[in-house]
Structures are given as C-alpha cells and as structure tokens.
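**Q** Quick one, fold the following:
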Amino acid sequence: MGKHLEAENALLMRGDATNVPKGAAGYLLLGKICRSSGRVADAVQHLRTAYAMDPFLWSAFEELCHLGAENECKELLELNAMDIESTPAVWRTENMEFSQEPATPWMGTGAASTLRGGYPRTGELEPAPKTAGRHGDPSPSLFVTPVVAGDRRDNTQGPGGPPEGAGRETTGHHSMRSTLAAPRAPPRRKFTTSIHPRKVAGALFQDEMQTPVAEETGATASPMHRERLSLAVSPDALMSPQDAQRQHLFRNASSAEEMASIQRALGLIQSMAEAYLHLSLYHCQEATEAFLKLTPNHYATGWVLCQVGRAHYEMADYAEASRAFQWARQVAPHRQSGMEYYSTALWHLKRESELMYLARELTTLDRWSPMAWCAMGNHFSLQKDHGAAIRFFQRALQLDENFSYAHALCGHEYFANEDFDKAMVCYRTAVRIDARQYNAWFGLGQIYFRQEKYDMAEYHFRRALTVNGRSSVLYSYLGMCLHRLHRLQEALALLQAAIAADPQNPLAKFEKANVLVSEGREEEALVELEMLQESIPKEASIFFQMGKICKRLGRLDKAVVHFNTALDLKPSSLDASLIKSAMEKLHLDEAHEEAEF
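**A** Residues are numbered from 1 along each chain as shown. Got it, this is the predicted structure:
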C-alpha cells in the first residue's frame, strides 16, 4: 500500500529500534521499510542486525547486496567464517529435530563433467529419482524465521528466493503459524518438533521485552534467546569480530551429526553468499569462479545457473549467458525470476525464434509474471515494433510498479523512437526505485549525449560507472563524451580501460582511433582501424574513417579504394551521402580538409 510510516509505527510500538518484535524477521521487515522510504543507511543497519541474529536468513543478506553495502556484507561473512572454522559450537534450538534427507539434484550422467567445460545440451540432463525433497540438501538450520508480510513468492522464483539446496525453510517461505496450528507436520516438512506448540511460540516469537510464555509445566523460556537478541543488536558485537561475547550466541550441538549438518549448511550459504556479493558488485568473473566452487549438486540448480547466466550477461558474453539460462530452464522449467535477462541476452544475439518461444512459454506458465511480459516486450523490440514493446513493458509495470529493470527497458524503447521526454521519465523512475540501476543512468547519459549536453552526459555516465565499474560499454561512452569536450588524454585513458575490460569491444577501438586522429597521430589511428577491420570486415564506417585518414595523409589512391569499399557494403542512405560527399571533396586543399574534420 506504500504506507511506510504507518508500517514502521506499527512495528515499533515502543518507538525504540533496539526492541523490534519477532527478532530477525522484524529487523528484516524494518530494513525493507527503510529502503522503500529512501533511508538507505538505516536500512543497511537493520538488515545487518537481522543477518547477525540469524545467519540463515538469506533475504537479509540479499537485501544488503541489493543496496551495495559491500563493507557490511564482507564483515558479516567474516563473522560467519570464524564461526564455521574456529569453534565447534553451533546455532541450536532445544528439542527440535532435523530430518536428514539426501540431495536430489537434477543432474544426469555426464553433468558433473560439464560443470567447468560448458553446459549440457538439451535432453542431456535427466532428473534423478525423487527419494527426498526437491530442493537438494535439506537445510540444517534450526532457526525458522517467520514470514514477513508481503514477502511471499512462488517456490521457484523471486529475487529474494533462496538458493536451491541451501534450505528454503530458513528464509521465511514456511510460516511458523502453520506449525503452531498443526504440531504434527506432514512428512514433506523438514522440521518436526516433539514439544508442545506453545513452547515453540515462546522460543521463536516472543519479544525480548515481553513476559516469557510458559509451558504447561510452568517453566519459562530460556534466557539465552533474550541474550542472543541483545548481543546481535549491539554495534560492538558487529564491529568487533573477536569479541568473546559472540560465543554466547552459540550452543553446543547435541550430537556430532547435528553439528556437522548445521555447519555444512552454514558453509554452503557462506559460499553462495560470497558469490552473490561478487555478482551484486558486478565483479562478474569472480562471481562465476565462486559459483564453480560449489558441488555439482548445488551448481546444477535453477537459482545458481540463473546467477551464472546473469554474470555472463553483465560481461556482455551473451552466448555463454544463453547457455547458462538454457540449462537453468531444463533444471527449473517453471522458474520466472531471471528470465528478463535471458530474453535480453537473446535480443542481443538476434535469436528471434528462440526469443518468441521463450516469451510465449513464460506467459503461458504465468500471465501474472512481470518477467514474462518483459520477455514479450523484448521479442517485439527485436522486430522493431517499438509501440507493441512499450505496451508489454507497461503491462509488466502494471503487475509490479517497482520493477526498475522494466522501467529501464521501457525507456530504451522510447529512446529508440526518439521520444526523449518519455524516455527520461522512465529512466528517472527506475533510478528513484533503485539507485543502483545502472542501465537507467546509462540511458539518461545517452539522451544528453544525443542532445549534445556533454557535461550532463558525463555526470550520468560516471554515476553508472560507480555502480558497475567494470562495464566496457560505459567506459566507451564516457570516453566518447570526453572526446567531444576536447579532453583527449582523459578520453584516451578511458577507451584504453574499455578495451582492457573487453578486448572484443569494437566501439572502444573505433573511438580510440578517432581520438588518435584528433591528437594528430594518424598513423597509429590507421593501424588501429586496420586491426579492427580484420575482426569486423563488413562495417562501412571503418572503411569510411580509413579513407578520411588516408586523404589527410595524402594517400589519395588508397582513400578512393576505402571509400568505394564502404559504398559497396551498402550503408544507410545518410552514410552513403556522406561517403559520396567525401569522394567529391577528395582533391580539396588542406584548409578545406581540416574544416571537414
């Protein structure tokens, strides 16, 4: 409903942020409220507290990653690493048992061998016999965090969805209220309890300032719960990993088997969290390497494969991203989350039939999914039907008005139609919802660049680079902008950085040649263009630029050859007229030639 103040007042009944009810789940909800109301610093603090209280609460860590809280995330990961390696004590809740179920990965013969050597082809994966749960290894977490209102998602999707195989029950997908209503859980639930449900309520749901709920025997809840809350909220406990008081957060496991299970689950979440943090910071190469460290059972899950595909997508390796997403769809065919990036990767690869099939299949599976309508919009965008694409992106926004990526895609379509005013509205809405949506910052920079407002374009390109500092495209456009501002040395350095980030980026190499020409280094520019022409032999603009450089160097015969080659490649009518005009002025004197440049 967007009533953030009322929601915060209802949650903070005493007006004290140090006494939030419901423990980690309460702090998670408070962090989301602060994020929605634009208080990023407060959101980071509350989310950090939530994850410190419950290291199995994946949603809190994911929200921190979305906010770009790099230091806080690394600090929490260090604390968890110390807990795993340095002490045999583990998180434990009394009288609760953990069902030991074997993993059921969707991996057929030969899947493990393809883990580092590529992706399996269609039909190469066969599901293993379902002898246990469908989410892989059962979560050994003994903390069950209550469901946060409004955070319920489909079991196979959602940006807050936990990694398959890392224990979904620990992230709030199973409400404890159902456990209270039915103490004897059905067999498919992994957590069972032999105690009275009233004691479960007292142990997991009571506020630390409330009177403890007693069992029928008259005993009160353990004071360890209150001590755990007070220590987790304390900034000293968060800022001092060596603090001995943190040891009070742990209990000795009742058995070696229970201890090993819980530590194994915490280690799995730790590995996935490190990889996800790399991805959220757009350290995509490190993210793919971190995901490869997972076991084949956990790697071959829909969530992990979609993250791997997203990492390749951000590196502009669209073919590899497509293969990862294809594998993810074989493993989790009903998954919707992440498919917006898959459809965009297919758009870049110009695979019209595959994109059409994906869009039709996603909308058939779930017509209420905004990701499905984004795929449909990308399909019509590839067909140059920008009006239809805008309608489908707007349909996605009707289903989720806070879907920042859909706002950015809609802005791209308005930009393609040269409707810059509406495009700017879409881009600004996207960055208002998510300040780390670098696609929208880039779109705003493109508009100002097209309008020759290079100072404003530079600002927005730099804002995009603060989010994704490893994007070769962003470095290229910022270099182009500085070239127009006659800051040639800075432009050349940025274009070199773009080439270093992606050696296959043709735009960076072409613009580097243009900067070299502006500096009077025509021979070096000609060498750059000749090397670029070998990798892109049918680009008319390369031959046209080579002809202009040869004309400046006095090599008129070679200039004519390059101009004729450019015309033979059938450029657009505007480019063809420019080439013919250059050929007509081939024998002009130096002054006219300088004016032309």
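**Q** Run through the stretch 201-350 of the chain and note the low-pLDDT ranges.
**A** Applying pLDDT under 70 to the stretch 201-350 of the chain picks out residues 201-256, 258.
**Q** quick one, helices of it?
**A** 224-233, 235-239, 256-280, 284-292, 296-299, 302-314, 318-331, 339-349 (DSSP state H, counting those that start in this stretch).
**Q** Return the set of buried residues in the longest one.
**A** By 16 or more other Cβ atoms under 10 Å, the buried positions in helix 256-280 come out as 258-259, 261-263, 265-266, 268-280. For glycine as for every other residue, the C-beta is placed from the backbone atoms N, C-alpha and C.
**Q** Give the residue spans of this protein that score low on pLDDT.
**A** Ranges of the chain meeting pLDDT under 70: 1-2, 4, 6, 13-18, 84-256, 258, 588-597.
**Q** Check the separation of the first and last residues in stretch 409-424.
**A** 12 Å (Cα to Cα, to the nearest Å).
**Q** If we go by neighbour counts, what in it is buried?
**A** Leu409, Cys410, Gly411, His412, Glu413, Tyr414, Phe415, Asp419, Phe420, Ala423, Met424.
**Q** Determine which two of the residues you listed are furthest apart.
**A** Leu409 and Phe420 (16.2 Å; Cβ to Cβ).
**Q** which residues in the protein form strands?
**A** 96-98, 191-193 (DSSP state E).
**Q** which residues sit in contact with the nearest residue to Lys509 once chain neighbours are set aside?
**A** Once flanking residues are discounted, Lys509 sits nearest to Leu532: 4.8 Å by Cβ to Cβ, 6 or more residues apart in numbering. Neighbouring residues of Leu532 by Cβ atoms under 8 Å, 6 or more residues apart in numbering: Pro506, Lys509, Phe510, Ala513, Ile542.
**Q** can you tell me which two in those are farthest apart?
**A** Once Cβ to Cβ is applied, those give Pro506 and Ala513 as the farthest pair, at 10.8 Å.
**Q** Which of those two has more residues huddled nearby?
**A** Higher neighbour count among Pro506 and Ala513: Ala513, with 26 against 14, using other Cβ atoms under 10 Å.
**Q** Does that one touch Met531 like I think?
**A** No - look at Ala513 against Met531 with Cβ atoms under 8 Å: they stay out of range, at 9.5 Å.
**Q** returning to that earlier point: save the buried residues of stretch 409-424 as JSON lines, and put in distance to Asn378 too.
**A** Converted to JSON lines, the buried residues of stretch 409-424 look like this (distance: Cβ to Cβ, whole Å):
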{"residue": "Leu409", "distance to Asn378": "7"}
{"residue": "Cys410", "distance to Asn378": "11"}
{"residue": "Gly411", "distance to Asn378": "14"}
{"residue": "His412", "distance to Asn378": "10"}
{"residue": "Glu413", "distance to Asn378": "10"}
{"residue": "Tyr414", "distance to Asn378": "15"}
{"residue": "Phe415", "distance to Asn378": "15"}
{"residue": "Asp419", "distance to Asn378": "19"}
{"residue": "Phe420", "distance to Asn378": "21"}
{"residue": "Ala423", "distance to Asn378": "17"}
{"residue": "Met424", "distance to Asn378": "21"}
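**Q** Distance check, the closest residue to Ser343 other than its chain neighbours against Ala10.
**A** Leaving aside its sequence neighbours, Ser343 sits nearest to Ala375 (Cβ to Cβ, 6+ apart; 3.7 Å). For Ala375, the distance to Ala10 equals 38 Å [Cβ to Cβ, to the nearest Å].
**Q** One more: Glu534?
**A** Counting by Cβ to Cβ - Glu534 and Ala10 are separated by 66 Å.
**Q** got it, and Val40?
**A** 22 Å.
**Q** Who has more neighbours out of those two?
**A** Neighbour comparison, Val40 and Ala10: the larger count goes to Val40, with 14 against 10 (by other Cβ under 10 Å).
**Q** State the distance from that one to Ser59.
**A** 17 Å.
**Q** Ok, Glu72 next?
**A** When Glu72 is compared with Ser59 (using Cβ to Cβ), they lie 15 Å apart.
**Q** repeat for Met480
**A** Distance from Met480 to Ser59, by Cβ to Cβ: 40 Å.
**Q** Tell me which of these two has more neighbours.
**A** Between Met480 and Ser59, Ser59 has the larger neighbour count (other Cβ under 10 Å), namely 28 against 24.
**Q** I figured that one hits Ala25, correct?
**A** No - assessed by Cβ under 8 Å, Ser59 is found out of contact with Ala25, at 9.1 Å.
**Q** Just list the residues touching the spatially closest residue to Ile390 that is not a sequence neighbour, thanks.
**A** Once flanking residues are discounted, Ile390 sits nearest to Glu413: 4.9 Å by Cβ to Cβ, 6+ apart. With contact taken as Cβ under 8 Å, 6+ apart, Glu413 is in contact with Gly377, Ser381, His386, Ala389, Ile390, Phe393.
**Q** just Phe420 next, same as before
**A** With Cβ under 8 Å, 6+ apart, Phe420 has these contacts: Tyr414, Ile447, Arg450, Gln451.
**Q** okay, now the third one: neighbour count?
**A** By the other Cβ under 10 Å criterion, the neighbourhood of Arg450 contains 12 residues.
**Q** For Trp58, see how far away it is.
**A** Where Trp58 is concerned, Arg450 sits at a distance of 42 Å (Cβ to Cβ).
**Q** same question, the last one
**A** Taken as Cβ to Cβ, the spacing of Gln451 relative to Trp58 amounts to 44 Å.
**Q** More neighbours: the two, which one.
**A** Between Gln451 and Trp58, counted using other Cβ under 10 Å, Trp58 has the larger neighbour count: 27 against 11.
**Q** ok, that one touching Leu268?
**A** No - using Cβ under 8 Å, Trp58 makes no contact with Leu268, being 11.0 Å away.
**Q** Tell me, how many residues neighbour Ala408?
**A** Ala408 has 24 nearby residues by other Cβ under 10 Å.
**Q** go on, Arg487?
**A** 16.
**Q** gap between it and Asn505?
**A** Taking Cβ to Cβ, one finds Arg487 at 21 Å from Asn505.
**Q** Leu482 now?
**A** From Leu482 to Asn505 the distance is 17 Å (Cβ to Cβ).
**Q** got it, and Arg463?
**A** 21 Å.
**Q** And Cys73, by the same measure?
**A** 30 Å.
**Q** Give me the more crowded residue out of these two.
**A** Comparing Cys73 with Asn505 by neighbour count (other Cβ under 10 Å), the higher total belongs to Cys73, at 25 against 19.
**Q** Isn't that one up against Leu64?
**A** Yes - under the contact definition of Cβ under 8 Å, Cys73 touches Leu64, with a separation of 5.2 Å.
**Q** And for Ala319, the neighbour number?
**A** 11.
**Q** try Met315
**A** 20.
**Q** Phe510 is in contact with Ile499, correct?
**A** No - here Ile499 lies out of contact with Phe510, judged by Cβ under 8 Å, at a distance of 10.8 Å.
**Q** and the residue nearest to Ser343, how many neighbours does it have?
**A** 30.
**Q** Who are the contact partners of it?
**A** Met339, Glu340, Tyr342, Ser343, Leu355, Leu358, Ala359, Leu362, Thr363.
**Q** do you know how far it is from Leu485?
**A** Ala375 is 39 Å from Leu485, by Cβ to Cβ.
**Q** before we move on, what about Gly338?
**A** 38 Å.
**Q** Looking at those two, which has the bigger crowd around it?
**A** More neighbours surround Gly338 than the other of Gly338 and Leu485, with 24 against 14 (other Cβ under 10 Å).
**Q** which residue sits closest to that one in space, ignoring its chain neighbours?
**A** Using Cβ to Cβ, 6+ apart, the nearest residue to Gly338 is Cys306, at 3.5 Å.
**Q** just Ser322 next, same as before
**A** Ala345 (5.2 Å).
**Q** That neighbour - how many residues pack around it?
**A** Count around Ala345 with other Cβ under 10 Å applied: 27.
**Q** I'd say it and Ala324 touch.
**A** No - in this structure, Ala345 is not within contact of Ala324 by Cβ under 8 Å, at 9.3 Å.
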